[in-house]
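Asker: only geometry, no sequence info:
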């Protein structure tokens, strides 16, 4: 059983490496994710972060939302890096409501509360300052 699990992890790592190598060619990264899933390999947080970065580089909010659905189904929405990438893509695409919703769902659930001094909280706060949504008291 351990060999099978290691093989699955290894396959996911190979796919993630290929996806990360194609970040600037977003459509290729998305195609690789699709091919990976068709072959029955489950994406991990590294894979999702790479694909979200590819979507952000293309300012492809529709594709980002599809990936977000896959993230929810995989149970990785509370992963700090995945959550931070979700906030980034929505903010880059100008959907501040989605960025705020992703931030709240990813970081303010009881099981994955993030302190205000962490990177994801700071990233979200900075995005909101840039868009004039938060004000300094």
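Answerer: Cool, got the structure. Not measured: the values here are computed from a predicted model.
Asker: Buried ones in stretch 14-23, by neighbour count?
Answerer: By neighbour count with 16 or more other C-beta atoms under 10 Å, stretch 14-23 contains the buried residues 15, 16, 18, 19, 20, 22, 23. Every residue, glycine included, has its C-beta placed from N, CA and C.
Asker: what about the third one, which helix or strand?
Answerer: With secondary structure defined by DSSP states H and E, residue 18 is part of helix 2-21.
Asker: Listing request: residues of the chain with sub-threshold pLDDT.
Answerer: 1-10, 107-137 (pLDDT under 70).
Asker: can you give me the helices in it?
Answerer: All helices of the chain, identified by DSSP state H, fall at 2-21, 26-38, 45-58, 61-74, 80-92, 96-107, 119-130.
Asker: what comes up buried for the third one?
Answerer: Okay, so that is helix 45-58. 45-56, 58.
Asker: now do the fourth one
Answerer: Taking 16+ other C-beta under 10 Å as the neighbour-count basis, helix 61-74 is seen to contain the buried residues 61, 63, 64, 65, 66, 67, 68, 70, 71, 74.
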